[in-house]
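[1] make a model of this:
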Amino acid sequence: MHKAILQYNIAQLKQYTMEKTPPFRRLRGYAFDPSLSLKIDTVSINNICYKIEWEDLDESPSGNGKTVPTGEYIEVIDCDPATGVFYPPVDLNDRYLLAQDGLEPSVSDPQFHQQMVYVVLMTTIKNFEAALGRKIQWSQRYVPKPDDTSKIERSEFVARLRVYPHALRQANAYYDPQKKALLFGYFPAQRSRPELQLPGGNVFTCLSHDIIAHEVTHALLDGLHKRYIEPTHPDTRAFHEAFADMVALFQHFTFPEVLKHQVAKTGGDLAAQNLLGQLAQEFGKAIGGYGSLRDAIGHTDKLTGNWVPHDPDPNEYTTKMEFHDRGAILVAAVFDAFLSIYKQRIKKLLRIATNGSGILPKGDLHPDMVTLLSGYAADTASRVLKICVRALDYCPPIDINFGDYLRAIITADFDMVADDEHNYRIAFIEAFQKRGIYPSGIKSMSVEALTYEQYPEITLRGDDAEIFVDFLRRFKEQVAYLKDREEIHTITQEFIRGGRNAHMGLHSRINVKFLNTEVGKRFAELTGMAYPNTANKCKEMGMDYSTSSHTAKYSVENLWMANRVSPDGKIINDVIITMVQKRGVKASIKDGVFNIDGYYQPSEGDVEGGFIFRGGCTLIFDLDTMDLKYAIKKDINDKLRMERQFRYMNGRFKASASAGYFDEETLTGLSGPFAFMHSHH
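    Numbers count the residues shown, from 1 in each chain. Model (predicted):
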């Protein structure tokens, strides 16, 4: 009897073991790109094994009679339009591949190319989710009306981003927001530097960790703040580029082998020349340049051939207009902050290791010291990356600039860690100030001045319990534990617009709570927006909405739950709401003076001297207290911002260092969604 029970238990245990889903999937890939696997010094660290969260991969129709590996977030379609070839899909569920951590890195194997894009994309996506405290969503696809392509019939949920590893036969890679796709190119290396690349040999952008991480970050940003790409001033496009570079840069610190190698090589000084501060190594070399396409923290001296770090120059922010160059200022500022934090954290360790001098002797570091320094660097980089990603929830939904981002970083970190014992916030402020980046509307560069003000007088408690409290808590109950992203999207849209799960939507509830009331006047002031039923109150506040025909309609664009755990174990439950509205402005410049000639409904179409001007606000409510924590706005009635946008759109900027707007210069507009941003010039 006992023997039978034992045999039954063993059988059950075997079945449980066989059916249990592994926590991770391990796949091999390049830490940087194939070029570093051809150097003695870096071959051992370039071929690494990524560890990503396990997901069941399906094979679903791709529309061409074949099948492609498909996961929850992405769908890899390996079609080469130049040759008309569909490469066979890699089966990452194959037991032999699982046993050897996927395919071996190879430049010539298209199936490894598919593996490489998959593993880097999933690494980046999961880093975002860890920082934001929720599942990510791609931006919606908008379907135009059949009889009028200028109007939207409906919006569609986008389950998966389509990824084309061999989409272009050119030196380019980009995210297409219309197709919801990542397109990677390949091209022959130039013959100018044969010692760096095989002349004419193919270079594949889909094999560069930095390019893959960079492009998917554009897609993730589009899902969070779709209007950040609108060219309202120089910082918008530059921010997209800089943020994508930052993510690619700091993800390298998740690779233990790479980090130990670089710490040992630089003697622990990560400000010295190192691979971690360079992006897209092979891509930059292959198009004829020396070093990487964009060095984040330094450059190679053309005369000596030596690498030297960039010295912060506060004048660059008022003179550099090309968006890659301008974005590099932001990347350098964030990397500088990271270095300051890292150096501060290892001071005690260096004093112990050097008997109090703090100066390491020349020569190789002890392996234990390398391990300790690498641990500090990895932990610091992970925290900085999370701060940078989390700050996106504390940014205005439109018209982003570098000063806004600094305030978002400081406020987001204050929300998570009240006691800044390692002076992270001071490090960021110092790094931005060195580069002449100052937010508008503040009186000092102190932490207190940069942290957004809280507004406890705007509350959703008391008599409004049924209107808001029960509504938002019901929203939390319905989405907090959901795993299916489409279900999360569907329920969220119902809570915004109204539907089966929400009854009255958030838009209508804001009207009930805040319009035609005294608190509504204060709410309009805090959000910087005008509401249709408060035209008279807006007029009292100096807004230009005397008639309903000129009142901008607002829309609730996003409703997010953020469930985060602070380093000290505190659970933070926030609900984040973003609202946007637009108005038509007719303007002109006469004798150098900006004039507002009137307003018009944007639906009227093109108007001479007219342009679309947007206002918006990010509201962050504490879900536990139901108080408004932050209202981060771009005022719909901000005439100075109107002037800046108009001058920028017409190439007639005036220099203003403190505001971040510069000399008159004709600038080209956006030609194509993101393709122009990543074309080489």
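[2] residues contacting stretch 41-59, please?
    Contact with stretch 41-59 is made by 21-34, 36-37, 67-72, 89, 91-93, 101, 105, 119-120, 122-123, 126, 255, 257-258, 261, 275, as judged by Cβ atoms under 8 Å, 6 or more residues apart in numbering. Heads up, the C-betas are built off the backbone N, CA and C, glycines and all.
[3] redo that, cut-off 6 Å
    Residues from elsewhere that reach stretch 41-59 (Cβ atoms under 6 Å, 6 or more residues apart in numbering): 21-32, 36-37, 67, 69-72, 92-93, 101, 105, 119, 122-123, 126, 255, 257-258, 261.
[4] also stretch 425-432?
    With contacts defined as Cβ under 6 Å, 6+ apart, stretch 425-432 is touched by 333, 336-337, 340-341, 406, 409-410, 413, 445, 447.
[5] and which of these is nearest to Val76?
    Taking Cβ to Cβ as the measure, Val76 sits nearest to Ile409 out of the contacts of stretch 425-432, at 33.9 Å.
[6] quick one: buried ones out of the contacts of stretch 41-59?
    For the contacts of stretch 41-59, a burial check counting by 16 or more other Cβ atoms under 10 Å picks out 25, 27-32, 36-37, 69-72, 92, 105, 119, 122-123, 255, 258, 261.
[7] in helices only, show me the residues you listed.
    119, 122-123, 258, 261 (DSSP state H).
[8] which two of those residues lie the greatest distance from each other?
    With Cβ to Cβ as the measure, no two of those lie farther apart than Met122 and His261, at 24.1 Å.
[9] strands of the stretch 501-650 of the chain, start to end?
    Counting by DSSP state E, counting those that start in this stretch, the stretch 501-650 of the chain has strands at residues 554-565, 571-590, 593-600, 610-622, 627-634.
[10] could I get those as TSV with mean neighbour count and distance to Ala418?
    TSV is the format used below for the strands of the stretch 501-650 of the chain (neighbours: other Cβ atoms under 10 Å; distance: least, Cβ to Cβ, whole Å):
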stretch	mean neighbour count	distance to Ala418
strand 554-565	18	14
strand 571-590	18	11
strand 593-600	15	43
strand 610-622	22	14
strand 627-634	22	13
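[11] any chance of these in JSON lines, with distance to Phe187 and mean pLDDT too?
    Below are those laid out as JSON lines (distance: least, Cβ to Cβ, whole Å; pLDDT from 0 to 100):
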{"stretch": "strand 554-565", "distance to Phe187": "38", "mean pLDDT": "88"}
{"stretch": "strand 571-590", "distance to Phe187": "39", "mean pLDDT": "90"}
{"stretch": "strand 593-600", "distance to Phe187": "45", "mean pLDDT": "88"}
{"stretch": "strand 610-622", "distance to Phe187": "37", "mean pLDDT": "92"}
{"stretch": "strand 627-634", "distance to Phe187": "40", "mean pLDDT": "90"}
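[12] to Pro396, which of those lies closest?
    Set against Pro396 and scored by Cβ to Cβ, the strands of the stretch 501-650 of the chain come closest in strand 627-634, at 4.8 Å.
[13] compute the inter-axis angle for that closest one and strand 610-622.
    Angle, strand 627-634 to strand 610-622, by axes from the mean of the first three to the mean of the last three Cα atoms, to 10 degrees: 160 degrees.
[14] what's next to strand 627-634, contact-wise?
    Applying Cβ under 6 Å, 6+ apart, the contact partners of strand 627-634 are 396, 398-399, 452, 454-456, 458-459, 526-528, 615-622.
[15] parallel or antiparallel, which strands does it pair with?
    Taking DSSP bridges as the criterion, strand 627-634 forms sheet pairs with strand 455-459 (antiparallel), strand 610-622 (antiparallel).
[16] of all the ones you listed, which one is nearest Lys226?
    Per Cβ to Cβ, nearest to Lys226 of the strands paired with strand 627-634: strand 610-622, 11.5 Å.
[17] tell me the domain boundaries of the chain?
    Under automatic domain parsing, the residue ranges defining each domain of the chain are 24-416, 455-654.
[18] how far away is Ala480 from Ile77?
    From Ala480 across to Ile77, the span is 33 Å (Cβ to Cβ, to the nearest Å).
[19] so for these two, which residue has more residues nearby?
    Taking other Cβ atoms under 10 Å, Ala480 and Ile77 do not tie; Ile77 has more neighbours (23 against 12).
[20] one step back: so which of the domains of the chain comes closest to Gln433?
    domain 24-416 (8.2 Å).
[21] span of the closest one from start to end?
    28 Å (Cα to Cα, to the nearest Å).
[22] same question for stretch 224-242.
    One end of stretch 224-242 to the other measures 16 Å (Cα to Cα).
[23] helix/strand/coil for the residue most central in space within the chain?
    The chain has Leu221 as the residue nearest its centroid, 4.5 Å off, counting by Cα atoms, centre = their mean. Assigned with DSSP: H, G, I helix; E, B strand; the rest coil, Leu221 falls in the helix class.
[24] roughly how far apart are it and Tyr174?
    Distance check for Leu221 against Tyr174: by Cβ to Cβ, it reads 13 Å.
[25] what's the answer for Gly584, then?
    Counting by Cβ to Cβ, the gap from Gly584 to Tyr174 is 31 Å.
[26] in three-state terms, label Val158 for me.
    Following three-state DSSP, the label given to Val158 is coil.
[27] is it in contact with Trp138, as I believe?
    Yes: using Cβ atoms under 6 Å, Val158 is in contact with Trp138, at 4.3 Å.
[28] least confident secondary structure element in the protein?
    Sorting the helices and strands of the chain by mean pLDDT, DSSP states H and E puts helix 535-540 at the bottom, at a mean of 46.
[29] and the average pLDDT for the longest helix seen in the chain is what?
    Longest helix in the chain by number of residues, with DSSP H as the criterion: helix 323-353. Averaged over helix 323-353, pLDDT sits at 88.
[30] what does stretch 488-505 give?
    Across stretch 488-505, pLDDT averages out at 83.
[31] span of that stretch from start to end?
    With Cα to Cα as the measure, stretch 488-505 spans 16 Å from end to end.
[32] mind listing what's buried along it?
    Buried, per 16+ other Cβ under 10 Å, within stretch 488-505: 488-496, 498, 502, 505.
[33] and Met122, how far from Val158?
    17 Å.
[34] ugh, typo on my part, it should be Leu168
    Computed as Cβ to Cβ, the Leu168 to Val158 distance reads 22 Å.
[35] again, but for Asp393
    With Cβ to Cβ as the criterion, Asp393 and Val158 are 21 Å apart.
[36] same check on Phe187?
    Going from Phe187 to Val158 by Cβ to Cβ gives 29 Å.
[37] same deal with Asp33?
    Look at Asp33 and Val158: by Cβ to Cβ, they are 29 Å apart.
[38] who has more neighbours out of those two?
    Per other Cβ under 10 Å, whichever of Asp33 and Val158 has more neighbours is Asp33, with 27 against 18.
[39] so what touches stretch 410-423?
    387, 390-391, 394, 425, 450-452, 566-567.
[40] can you pull the contacts of the closest residue in space to Arg227 that isn't next to it in sequence?
    With Cβ to Cβ, 6 or more residues apart in numbering as the criterion, Arg227 has its nearest non-adjacent residue at 4.7 Å, and that residue is Ile398. Contact analysis of Ile398 by Cβ under 6 Å, 6+ apart lists 227, 614, 616, 634.
[41] okay, and the beta partners of the third one?
    Going by DSSP bridges, Gly616 is paired in beta bridges with Val580, Lys634.
[42] great, nothing more from me.
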